[in-house]
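Chemist: Have a look at this prediction, sequence included:
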Amino acid sequence: MIQFGLRLHDAEKLPVEQVLPLVRQKGFTCAHVALSKSFKELPCTPSALTPGYAMYLRHLFEKNGIDIAVLGNYLNLAHPDADALHAIQEKYYAHIRFASLLGCGMVGTETGAPNAEYKFCPECRSDEALATFIRNFKPVVRCAEQYGVTIAIEPVVKHIVYDARRARIVLDEIGSPNLQILFDPVNLLNMENVDRREEVFAEAIELLGKDIAMIHFKDFLRKDAGGQLAATGAGQGGMEDYRTILRFAKQEKPYIFATLENTTPENAVECLNYLKKQYDEC
C-alpha cells in the first residue's frame, strides 16, 4: 500500500501542534515538511536547527502517527554568486543534519537555474548549467553520506534537470547510494509534451524507477496565457488517469511515501479518495 501524505503547508494555517491531528484525521500518514513554509512563525536558519528542535518535532509527529516523509529545502544550487551559493550549501548541510535527528525519510531538492532569480532561461538546458549544478551538488551529497541521510532530486521541466534523461546523468555521474529521485510526474510536463504524458511517465519509470524513493501527486490546468500549465490538486484538472504511476508504485515500491501537493484544506480528502480509487483499480 502507498503511504499517502500531505504537503504540510497546504493544510490549515494553524500551529503545528493543532494541525497535525487534523492531517491525521483526514487519513494522511506522512507529511512533506518545508520549515520556512510549514512553521512560518519559527526561524529556520542553520543555527536554529538544533537537536532540541529536531527532537521536539520528532516526538510531536510520532504522537500524531505521522511520518516526516521529506524535509524540503528547495534552493538554487546553480546560483551564480559565490557567497550566495556558499550560504545555500550551508543550509543544505544544516537540513541534512536536522533530518538525521528527525528520523525523516529524506531531504528533497529541485535543481535550480543558472541565475540569481531562480527563473527559467534557455541556459537551463545547457551542458554548462548541468555541470555547474553537479559540481555544486556533490559536496551536499557527500554530507548526506556522512549523516546516513538520503537526498533526493526532483526533476522539473523548467529547471536544470528537466527530464528523466537529465536526471539519469546526475545519478550516474555522482554515483552515490544516498542520492535518489523524488518523482513528481506533473513537474515533467509542459504545453509541448502534456498530450504525450504517458510516454513521459513511462520513460521516467524506465530510466529512474529503481532510484525513485518518493512520489508527489498533483494535477494540472491548461493556461493559455504564456503557454503554461498551472498546478492543482489531484483529480481537480486535466490529468485524469494516474494509474501508470500508481501501478508502478503498487508493483515495485511497497509502502512508498507519496504526498499530495497543491491541495486545499477543503479538497484534500477528495483528492486523496480520487487517488485511492484509482489505486484500487490497478
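Modeler: Structure's in. What do you need?

Chemist: which residues in the stretch 101-250 of the chain form helices?
Modeler: 127-147, 164-174, 197-208, 243-252 (DSSP state H, counting those that start in this stretch).

Chemist: Show me what the first one is packed against.
Modeler: Secondary-structure packing of helix 127-147 (3 or more C-beta pairs under 8 Å, 6 or more residues apart in numbering; DSSP states H and E): helix 82-102, strand 151-153, helix 164-174. Backbone N, C-alpha and C define where each C-beta goes, glycine included.

Chemist: Tell me how far stretch 65-81 lies from the chain's centre.
Modeler: Centroid separation for stretch 65-81 versus its chain: 8 Å, with C-alpha atoms, centre = their mean, to the nearest Å.

Chemist: Same question for it: list its buried residues.
Modeler: 66-79 (16 or more other C-beta atoms under 10 Å).

Chemist: Straight-line length of it, end to end?
Modeler: 42 Å (C-alpha to C-alpha, to the nearest Å).

Chemist: How about stretch 183-201?
Modeler: Using C-alpha to C-alpha, the two ends of stretch 183-201 sit 10 Å apart.

Chemist: hmm, who's touching it?
Modeler: Contact with stretch 183-201 is made by 154-158, 162-164, 204, 208, 212, 214-220, 222, 227-229, 231, 238-239, 244-245, 261, as judged by C-beta atoms under 8 Å, 6 or more residues apart in numbering.

Chemist: Any of these buried? List them.
Modeler: If we count by 16+ other C-beta under 10 Å, the contacts of stretch 183-201 have these buried: 154-157, 162-164, 204, 208, 212, 214-220, 229, 239, 244-245, 261.

Chemist: quick one: what helix or strand has Trp273 in it?
Modeler: No Trp there; residue 273 is Asn. Assigning secondary structure by DSSP states H and E places Asn273 in helix 268-281.

Chemist: quick one, which of the helices and strands packed on helix 127-147 is nearest to Glu62?
Modeler: Each of the helices and strands packed on helix 127-147 has some distance to Glu62 by C-beta to C-beta; the shortest is helix 82-102, at 10.3 Å.
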